[in-house]
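>>> Whatever this is, show me its structure:
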Amino acid sequence: MTSFLRSDRSRPVAIWLFAIAFVVLCMVILGGMTRLTGSGLSITEWKPIYGVIPPLSQKAWLAEFVNYQRIPQYQLINRGMSLEAFKGIYWWEWAHRLLGRLLGVVFFVPFVIFIALRRLPTRLIWRCVVLFVLGGLQGLVGWWMVSSGLEVRVSVAPERLATHLGLALILYVALIWTACEAWKGAPRPSYQPRWAMAAIGLVVLVYIQSLLGALVAGNQAGLIYNDWPLMAGQIFPKAYVSGGGVVHSLIHSQAAVQFNHRLVAYILFAASLGFAVAAYRAPMLARRTRDLFVALAVLVTLQASLGIITLMSHAPLLLSALHQTGAAIVLACATMLAWRSQRA
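Numbering: from 1, shown residues only. Model prediction:
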């Protein structure tokens with residue numbers, strides 16, 4: 001009971017933050033489904049307050065549909081879509097935005113209550129404020145992403161999609177880390193820097209790989225080069241550099257983004273497996289840290305296998321959604337490992 005009431009920790013706060021991290025995970029999954037179903041541009045206006053109310057009459061539905069009919073995605077891809085079909089994609093995007101609004105509420109209200117009850121450790125107050133700001137910023141970035149597909153493009157810009165996902169994952173990692181801090185209290189200055197740096201490096205690799213996955217998704221690059229381990233029978237695709245130059249290719253070339261995603265996957269697989277073997281053989285390393293190194297290697301292996309299956313199956317909806325979910329789970333494990341490695 002004494003440890004539960006320590007001033008630098010609060011397990012109710014930790015549970016709250018873990019719950020928020022789970023909501024962010026659901027946001028990532030729902031956002032992926034919204035993209036995979038082509039629903040992300042179905043709502044063409046950003047109404048932070050009034051947008052919570054969906055169309056409630058036939059007239060309101062027709063007004064939303066007319067707005068959608070003005071954008072290139074409808075005119076070039078979905079022309080002739082029925083109102084009922086439009087409702088199908090509208091509900092995906094509306095649910096994604098609604099969950100984002102609910103996330104703000106379930107964060108802010110308990111935060112105020114914990115402050116009022118003095119149950120939030122003082123050292124975590126500023127972190128929670130930053131987390132709340134990140135959540136609000138995510139809404140702005142989300143609209144910035146959507147707006148890129150309303151005038152010229154038939155989908156959102158890949159670099160904006162990657163930015164939107166990247167910010168969500170930063171929030172996700174920060175929530176998990178802060179929840180761990182709330183659960184266990186302030187870290188003790190007794191850890192092995194070599195293993196701590198290795199764990200941080202794995203988090204960075206998983207994060208980069210997730211952003212590369214967003215570029216693959218944004219460019220629909222999973223629909224081409226569906227052989228493996230080669231790409232159209234080649235080790236290095238000839239179409240890697242597109243007409244826009246190297247920088248443009250790194251973001252927009254289907255061959256480049258898929259090759260880069262594969263390459264970092266190989267590096268991550270080798271690194272996670274190598275560190276897991278080394279950690280298993282390190283008797284001075286804490287058992288829980290060793291177990292997390294091994295768990296991460298297993299998850300990375302499963303995720304890589306799922307990625308190959310998804311690619312060779314031409315990226316069907318279910319497998320693509322599972323692959324994105326798997327990436328978030330791998331990132332959570334890597335984050336837990338990095339946090340644990342900071343301790344004895």
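
>>> Which residues does the worst-scoring helix or strand of the chain on mean pLDDT contact?
When the helices and strands of the chain are compared on mean pLDDT, DSSP states H and E, helix 246-252 comes out lowest with a mean of 90. With contacts defined as Cβ atoms under 8 Å, 6 or more residues apart in numbering, helix 246-252 is touched by Pro158, Glu159, Leu215, Asn219, Tyr240, Val241, Ser242, Gly244, Ala256, Val257, Asn260. Placement of C-beta: from N, CA and C, glycine included.

>>> and those residues, which of them are in helices?
Under the assignment DSSP state H, those contribute Pro158, Glu159, Leu215, Ala256, Val257, Asn260 to helices.

>>> The second one: how many residues sit nearby?
Taking other Cβ atoms under 10 Å as the criterion, the count of residues near Glu159 is 17.

>>> can you pull the pLDDT of it?
Note on Glu159: pLDDT of 95.

>>> Got the phi and psi for Gln234?
Taking degrees, to the nearest 10, you get phi -120, psi 150 for the backbone angles of Gln234.

>>> what about it, distance to Tyr225?
Using Cβ to Cβ, to the nearest Å, Gln234 is found at 9 Å from Tyr225.

>>> which one among the contacts of helix 246-252 gets closest to Leu117?
Closest approach to Leu117 among those (Cβ to Cβ): Glu159, at 43.1 Å.

>>> Now do the same contact list for the closest one.
Leu215, Gly218, Ile251.

>>> distance of it from Val133?
Relative to Val133, Glu159 is positioned 23 Å away (Cβ to Cβ).

>>> Which one of Gln234 and Tyr225 is surrounded by more residues?
A count of neighbours by other Cβ under 10 Å puts Tyr225 above the other of Gln234 and Tyr225, at 20 against 14.

>>> Now the nearest residue to the more buried one once chain neighbours are set aside. Its backbone dihedrals?
Nearest residue to Tyr225 in three dimensions, chain neighbours excluded: Met231, at 4.2 Å (Cβ to Cβ, 6 or more residues apart in numbering). Here is the backbone geometry of Met231 (degrees, to the nearest 10): phi -120, psi 110.

>>> quick one: which of the ones in helices among the contacts of helix 246-252 is most hemmed in?
That'd be Val257 among those, by other Cβ under 10 Å, with 27 neighbours.

>>> Assess the claim that that residue and Ala217 are in contact.
No: the criterion here is Cβ atoms under 8 Å, and Val257 misses it with Ala217 at 9.2 Å.

>>> For the two, list the residues in contact with both.
Common neighbours of Val257 and Ala217, using Cβ under 8 Å, 6+ apart, are Pro158.

>>> a helix runs through Trp136, doesn't it?
Check again: residue 136 is Gly, not Trp. Yes: applying DSSP: H, G, I helix; E, B strand; the rest coil, one finds Gly136 inside a helix.

>>> That one - nearest residue in space that isn't next to it in sequence?
Among residues not flanking Gly136 along the chain, Gly104 sits closest, at 7.0 Å (Cβ to Cβ, 6+ apart).

>>> Next one: that neighbour from Pro158, what distance?
Taking Cβ to Cβ, one finds Gly104 at 27 Å from Pro158.

>>> same question, Tyr266
22 Å.

>>> Isn't Trp144 up against Ala157?
No: if you go by Cβ under 8 Å, Trp144 and Ala157 don't touch, sitting 9.4 Å apart.
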